[in-house]
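S.K.: requesting a structural model of the entry that follows:
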Amino acid sequence: MHETSLGGTLRDYLTGEDVDETTFEEFRQALVKLLVEEKGFPKNNIRPKVKLKYSVDGEDFERPLDYVVYDDSNKPIFVIIFCSGEVGSYERETVCAGRLVPDGPVAFALVTDTMHASLMNVMSGDVVARGMEAIPNWERLLKMAEESDVRPLTVEQRERQTRVFHTYCGFLFGTCCNESCPEPSPSKKD
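M.R.: Next up is the predicted model:
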């Protein structure tokens, strides 16, 4: 199933602004509400729709990441991707996003459909926990991030991760049903 507009708007839990109502936006809103109200994440440390800009063969693209979580020093530590299919089939893409996130890599990444989830160590790519109970609370996430061995990517590693990430974007946008799925957005030159 693909994300499509339902023609209305919803009030964004984090920003209070109106956002497009889509087939999946209610699930994203429920997820971020869980992070804040049940897991203790500060609202100000979660940013929605962070743009991941990248280039492949001289062409620029951007893809919004559902949520990026920052520590109190404004360092990204956690990427969250909402998926509309089998969670396991989005794990590698999510790890790539965690490695490529602006000012990253992050320590951990989560992919979820809001019923199932995989928590992954971004540096190793390993799944460290499964299920919605795998979502750490705020204090635990900070401790996990502090104890993790996050290293910047080399130019070669970044290039490889970008190509893998772009391949997944191609599967999601444009190749599955050419007419109803948009392709990744070409990035606008600043």
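
S.K.: in the longest helix that the chain contains, what's buried?
M.R.: Secondary structure of the chain per DSSP state H: the longest helix is helix 155-172. By neighbour count on 16 or more other Cβ atoms under 10 Å, the buried set for helix 155-172 is 161-162, 164-166, 168-169, 172. Every residue, glycine included, has its C-beta placed from N, CA and C.

S.K.: can you put these in JSON lines and add pLDDT and distance to residue 139?
M.R.: Formatted as JSON lines, those follow (pLDDT from 0 to 100; distance: Cβ to Cβ, whole Å):
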{"residue": "161", "pLDDT": "95", "distance to residue 139": "30"}
{"residue": "162", "pLDDT": "95", "distance to residue 139": "33"}
{"residue": "164", "pLDDT": "94", "distance to residue 139": "32"}
{"residue": "165", "pLDDT": "94", "distance to residue 139": "30"}
{"residue": "166", "pLDDT": "93", "distance to residue 139": "35"}
{"residue": "168", "pLDDT": "85", "distance to residue 139": "32"}
{"residue": "169", "pLDDT": "81", "distance to residue 139": "34"}
{"residue": "172", "pLDDT": "47", "distance to residue 139": "34"}
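
S.K.: what is the nearest of those to residue 91?
M.R.: residue 168 (10.4 Å; Cβ to Cβ).

S.K.: what sits closest to the closest one if chain neighbours are left out?
M.R.: residue 93 (3.8 Å; Cβ to Cβ, 6 or more residues apart in numbering).

S.K.: angle of the strand or helix carrying that neighbour against helix 155-172?
M.R.: Here residue 93, judged by DSSP states H and E, is contained in helix 91-100. Taking axes from the mean of the first three to the mean of the last three Cα atoms, to 10 degrees, helix 91-100 and helix 155-172 form an angle of 140 degrees between their directions.

S.K.: flag every buried residue along helix 91-100.
M.R.: 91-100.

S.K.: pass me the low-pLDDT residue ranges in this protein, would you?
M.R.: For the chain, applying pLDDT under 70 flags the ranges 1-7, 21-23, 170-190.

S.K.: one step back: what's the closest of the buried residues of helix 155-172 to residue 154?
M.R.: Proximity of the buried residues of helix 155-172 to residue 154 (Cβ to Cβ) peaks at residue 161, which lies at 10.3 Å.

S.K.: wait, doesn't the closest one sit right on residue 100?
M.R.: Yes - here residue 161 reaches residue 100: they are 5.6 Å apart, a contact under Cβ atoms under 8 Å.
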